[in-house]
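> Can you look at this prediction? I've put the sequence above it.
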Amino acid sequence: TVSSRGDAMRGLAVFISDIRNCKSKEAESKRINKELANIRSKFKGDKTLDGYSKKKYVCKLLFIFLLGHDIDFGHMEAVNLLSSNKYTEKQIGYLFISVLVSSNSDLMKLIIQNIKNDISSPKPVHVNLALHCIANIGSVEMSEAFGQEVPKLLVSAHASASVKQSAALCLLRLIRTLPEAMTYAEWASRVIHLLNDQHMWLTAATSLIHTLSQLSPGDYKGCVSLAVSRLSRIVTSTYTDLQDYTYYFVPAPWLSVKLLRLLQCYPVPEEPAVRGRLVECLETILNKCQEPPKSKKVQHSNSKNAVLFEAINLIIHIDSEPNLLVRACNQLGQFLQHRETNLRYLALESMCLLAGSEFSADAVKKHRETVINALKTERDVSVRQRAVDLLYAMCDKTNSEEIVAEMLAYLKKADYAIREEMVLKVAILSEKYASDYTWYVDTILKLIRVAGDYVSEEVWHRVIQIVINRDDAQGYAAKTVFENLQAPACHENMVKVGGYILGEFGNLIAGDERSSPLVQFNLLHSKFHLCTPSTRALLLSTYIKFINLFPEIKPTIQNVLQNNNQLRNADVELQQRALEYSQLSSITSQDVLATVLEEMPPFPERESSILAKLKKKKPASVQVSLRIFGVKIVILSTNDNVTSSFFSTVNNSNIEAGMVQLYLAYIQCCFLPIIIELLSKDLDNKNNIFAHCFLVFMFKNSGVLFENALIQVGVKCEFKEQYGRVGLFFGNKTGNQLQNFAAAVSLGPEHQGKINVATQKEPPSQIDGGAQVQHFINLECISMFSGSPNLQLRYQHSSAPQQVTLKLPVIINKFMEGVDMNSGDFFSRWKQLGQPTQETQKIFQARHPIDTEAARTKLTGFGMCALTNVDPNPENLVGSGIIKTKTSQIGCLLRLEPNKQAKMYRLTVRSSVGEAAALICSMLEEHF
């Protein structure tokens, strides 16, 4: 910092002292208001204020702003300080601008002109101030104005080391803001040779070169040999440069980490000399870690381990030096039982990568018992999750049964956040390494018993597909699932699996009196009333299958199908199935019935849907559905040739295809031209599709947010009170690598101060072909907001830059929690919210068929509690909820009154905050 005598601002010191001596918030506000009035009068009335006075008053405004008060004047005076020749005055002006002036201010052009003047100044301190301001603001306008100016300072022969350091970091910020603002090749050779510089700013230059290498690897590939040379001089004991930058006996650790990370941007050097020198560096780093520590201070071990872990990452990246890979694995093995939690976590994470190398896989497996013990005893959930990942990575045919058993045992007490992922991994391992399919069936059924709520449809679909395709497993599967269904508490997923398997193969165990046809039917039907409508629909299909398999119990089943509980069921799907199955069993001959309900044919062999869910490798299909005689048929097209599409019926599964065989030829002849036309329209109107996809997230928290020919973006959200967590999944649909990948959430002016966004896990800068990466974001709702933040994606495919801007599915109703109320409480609260400003009402034409149950489902998905037996008119829907923010809780009440004759709705929303009532009303209007 540059300072001179007489710069101490006594008035500022007195003001700060007065603020600190205030006894109450009111006294502080009074003192601040008095000072603001004084400053405002000085700025307006005294046209002859000198630079010192302006600096003092601007400093006071900055201090008041930092106390949390809004400042709406003084900006022009701060800009005027930039023209001063005194360092302290110019410094305060730049500080005020960096903190208080927004990037879209009207003063920005004047600020940019002053910055240009300072950049060309012969005084290094003025140049540094200007560069710091550019980096702090870091806007697109700054990138466009200085993207070509800052590199000139970086390679200038006359610029000081401090200016070059500031220029490197400033340029790094501009590139991250607007990568296209710089022509990378123009400065490549001169920027690369900065690695030979002897000054302290080399770490900043290395960070810049690392980013440039990711954006334009071909132009900067010459940095590899220079980076290896510099690294060699640092890690060898005879080095002389950077001798003054030893940190707790570790030579230049942060520069070493940067160089090791830079080398991971390129393949192994082809020149034997460079490659040999690099291997020597890595061996030296591993050797030094075996030496006794030179200090007991934590700074020594941290810096030493930082270099070690980055060196191990480079060894994994090279993946062609068996000796180094095994040594790295052994070194990590020593950290698995270290007392420091972070070291255990990093060791497990790195060993997951080593497990995928053919040279180090066996060395990783030697630590299996240690990893299993960590899974059982580790206190930190993140370390336990990495232990699960490592067990999954090291699993093979020799140890699969032991690892799956350990994961199942841990699953009973696993943290809720990792159970779904563990279920998928257990299902994949048991299928992948199943030498005996009876073991596979037992494992999946145990998985459903232990963690049924976390077993996705893909898991139980897959076990049914495998059982159908394996004749030797069908009888055992039917026997085992029948035994599992006899448990008093039986998960619904077990009922689904049991219903399907017994419907197909129940005849294989019907010879035993304990599992006779009637016993099977009674067992399944005893679960019927406890299940959701989707599972009941599947069980009705099982019953019609039983009529074909066991004609002797046909009257019993027909009594169930013809019961008023089914024929007059409020659920249209159940009502239609019961009616059609009843008629099918009554009016058709046994031969026709046997043809329609014949056993499912084997499924075509394809990639496991569970693996696809875990990795998101397969792109989503274009779907068109239609209903014929109550059977919903979905046509999936994974390519442009629609005639190669296959047909299947789905209601909760894609495997229930009995009746489709009867209609297949009819559909192909009559509906294929219509389907082709629908597909072409959908493919030509992708923008509308993805706009609709976003609107769907108003009522759900997971799904596909965006998809094109290159990338698929999936999302999974969790919200509780004012907090939210958004997981984004980016899948590369191509066979080529997506490079320079970056994802950023941007808040518009209407969201500033209303939503806090913090990145929990950044995605990697490269996505391999067919791979998927994750990006997690934590959110906090501070106050009421409208709209959604933007998600900006940037990446390169085949050297062509791509940019996608999406709406992040973070909407105000996500922070709403339903509140259950009785009729008296509801209408009492309704009357309390009777002010005109607290109510919004809209009368509109119904956009969808009026369906009370569907509307109730939407209301629940929206976040409200759909109240029953509250409104005197049973056709009306009423709901209540509370929007929870950090600053307040906003109560909301809703009444939806349908007019079926006129096909219209009247929607009334009342809220303690009128803005919330208007916003909710406008959001819901489009969906009824």
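That came through fine.
> from the chain's centre, how far out does the helix or strand harbouring residue 172 sit?
Element membership for residue 172, per DSSP states H and E: helix 161-177. From the chain centre to the centre of helix 161-177 is a distance of 30 Å (C-alpha atoms, centre = their mean, to the nearest Å).
> Name the residues of it that are buried.
Burial within helix 161-177, assessed by neighbour count using 16 or more other C-beta atoms under 10 Å, is assigned to 162-175, 177. In short, each C-beta sits where N, CA and C put it, glycine included.
> Now do the strands in the stretch 501-650 of the chain.
Per DSSP state E, counting those that start in this stretch, the stretch 501-650 of the chain has strands spanning 622-628, 631-637, 646-649. These are given in chain order.
> what does the stretch 201-350 of the chain give?
When assigned using DSSP E, counting those that start in this stretch, the strands of the stretch 201-350 of the chain occupy the ranges 246-247, 250-251.
> lowest-confidence helix or strand of the protein?
strand 646-649 (a mean of 30; mean pLDDT, DSSP states H and E).
> still on that earlier bit, I'd like the next helix or strand past the helix holding residue 172.
That would be, after helix 161-177 and using DSSP H and E, helix 184-192.
> quick one: low-confidence parts of this structure?
Along the chain, the parts satisfying pLDDT under 70 run over 1-8, 199-200, 237-244, 605-695.
> Where do the domain boundaries of it fall?
For the chain, the structural domains run 218-318, 323-376, 395-597, 688-810, 813-926, going by the TED database.
> Reformat the ones you listed as CSV; add mean neighbour count.
Output for these, formatted as CSV (neighbours: other C-beta atoms under 10 Å):
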stretch, mean neighbour count
domain 218-318, 18
domain 323-376, 18
domain 395-597, 18
domain 688-810, 17
domain 813-926, 17
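> thinking again about what came up before, nearest to residue 359, out of the strands of the stretch 201-350 of the chain?
Ranking the strands of the stretch 201-350 of the chain by proximity to residue 359 (C-beta to C-beta) places strand 250-251 first, at 28.5 Å.
> The closest one - contacts with which helices or strands?
helix 298-318 (3 or more C-beta pairs under 8 Å, 6 or more residues apart in numbering; DSSP states H and E).
> and residue 104, which of the domains of the chain is closest to it?
Distances from residue 104 to each of the domains of the chain were compared by C-beta to C-beta, and the smallest falls on domain 688-810, at 8.3 Å.
> still on that earlier bit, Serialize the strands of the stretch 201-350 of the chain to CSV and add fields for distance to residue 579.
Compiled in CSV, the strands of the stretch 201-350 of the chain are given as follows (distance: least, C-beta to C-beta, whole Å):
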stretch, distance to residue 579
strand 246-247, 79
strand 250-251, 78
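> nearest to residue 372, of those strands?
Using C-beta to C-beta as the measure, strand 250-251 is the one of the strands of the stretch 201-350 of the chain that comes nearest residue 372, at 34.0 Å.
> Pairing partners for the closest one, with directions?
In the sheet, strand 250-251 lines up against strand 246-247 (antiparallel) (DSSP bridges).
> in the stretch 51-200 of the chain, which spans are helices?
Counting by DSSP state H, counting those that start in this stretch, the stretch 51-200 of the chain has helices at residues 51-66, 75-81, 87-100, 108-119, 124-137, 140-146, 150-154, 161-177, 184-192.
> Of the ones you listed, which is nearest residue 849?
Counting by C-beta to C-beta, residue 849 lies closest to helix 140-146 out of the helices of the stretch 51-200 of the chain; the figure is 47.1 Å.
> Let me see the contact set for residue 100.
Taking C-beta atoms under 8 Å, 6 or more residues apart in numbering as the definition of contact, the neighbours of residue 100 are 61, 62, 65, 71, 75, 78.
> mind listing what the fifth one touches?
What it means is residue 75. Contacts for residue 75 (C-beta under 8 Å, 6+ apart) come out as 96, 97, 100, 101, 105, 107.
> Show me which of these are buried.
The neighbour-count criterion (16+ other C-beta under 10 Å) marks 96, 97, 100, 101 among those as buried.
> And the last one, how far from residue 111?
It refers to residue 101. Between residue 101 and residue 111 the computed distance is 7 Å (C-beta to C-beta, to the nearest Å).
> now residue 341, nearest residue through space, not along the chain?
Using C-beta to C-beta, 6 or more residues apart in numbering and skipping the chain neighbours, the partner closest in space to residue 341 is residue 380 (5.3 Å).
> Can you spell out which helices and strands pack onto the strand or helix carrying residue 40?
Per DSSP H and E, residue 40 falls inside helix 25-45. With contacts defined as 3+ C-beta pairs under 8 Å, 6+ apart, helix 25-45 has these neighbours: helix 10-20, helix 51-66.
> what's the angle from it to helix 10-20?
Put simply, helix 25-45 runs at 160 degrees to helix 10-20, going by axes from the mean of the first three to the mean of the last three C-alpha atoms, to 10 degrees.
> then helix 25-45 to PDB, C-alphas only?
Written as PDB, here are the backbone C-alpha positions of helix 25-45 (Å, rounded to 0.1, in the frame of the first residue of the first chain):
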ATOM      1  CA  LYS A  25     -29.700   0.600  16.600                       C
ATOM      2  CA  GLU A  26     -31.800   3.700  16.600                       C
ATOM      3  CA  ALA A  27     -28.900   5.800  17.800                       C
ATOM      4  CA  GLU A  28     -26.700   4.400  15.000                       C
ATOM      5  CA  SER A  29     -29.400   5.100  12.400                       C
ATOM      6  CA  LYS A  30     -29.800   8.700  13.700                       C
ATOM      7  CA  ARG A  31     -26.000   9.300  13.500                       C
ATOM      8  CA  ILE A  32     -25.800   7.900  10.000                       C
ATOM      9  CA  ASN A  33     -28.700   9.900   8.700                       C
ATOM     10  CA  LYS A  34     -27.100  13.000  10.100                       C
ATOM     11  CA  GLU A  35     -23.900  12.200   8.400                       C
ATOM     12  CA  LEU A  36     -25.600  11.500   5.100                       C
ATOM     13  CA  ALA A  37     -27.400  14.800   5.200                       C
ATOM     14  CA  ASN A  38     -24.100  16.600   5.900                       C
ATOM     15  CA  ILE A  39     -22.300  14.800   3.000                       C
ATOM     16  CA  ARG A  40     -25.200  15.400   0.600                       C
ATOM     17  CA  SER A  41     -25.100  19.100   1.400                       C
ATOM     18  CA  LYS A  42     -21.300  19.300   0.900                       C
ATOM     19  CA  PHE A  43     -21.500  17.600  -2.500                       C
ATOM     20  CA  LYS A  44     -24.400  19.800  -3.600                       C
ATOM     21  CA  GLY A  45     -23.500  23.200  -2.100                       C
END
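> Residues touching it, excluding its own?
Helix 25-45 has contacts (C-beta under 8 Å, 6+ apart) with 15, 18-19, 22, 49, 53, 57, 60-61, 64, 67, 69, 73-74, 77.
> of those residues, closest to residue 251?
Checking the contacts of helix 25-45 against residue 251 by C-beta to C-beta gives residue 67 as the nearest, at 44.2 Å.
> what separates the closest residue to residue 714 other than its chain neighbours from residue 373, distance-wise?
Residue nearest to residue 714 in three dimensions, not counting chain neighbours: residue 729, with 4.0 Å by C-beta to C-beta, 6+ apart. Using C-beta to C-beta, one gets 32 Å for the distance from residue 729 to residue 373.
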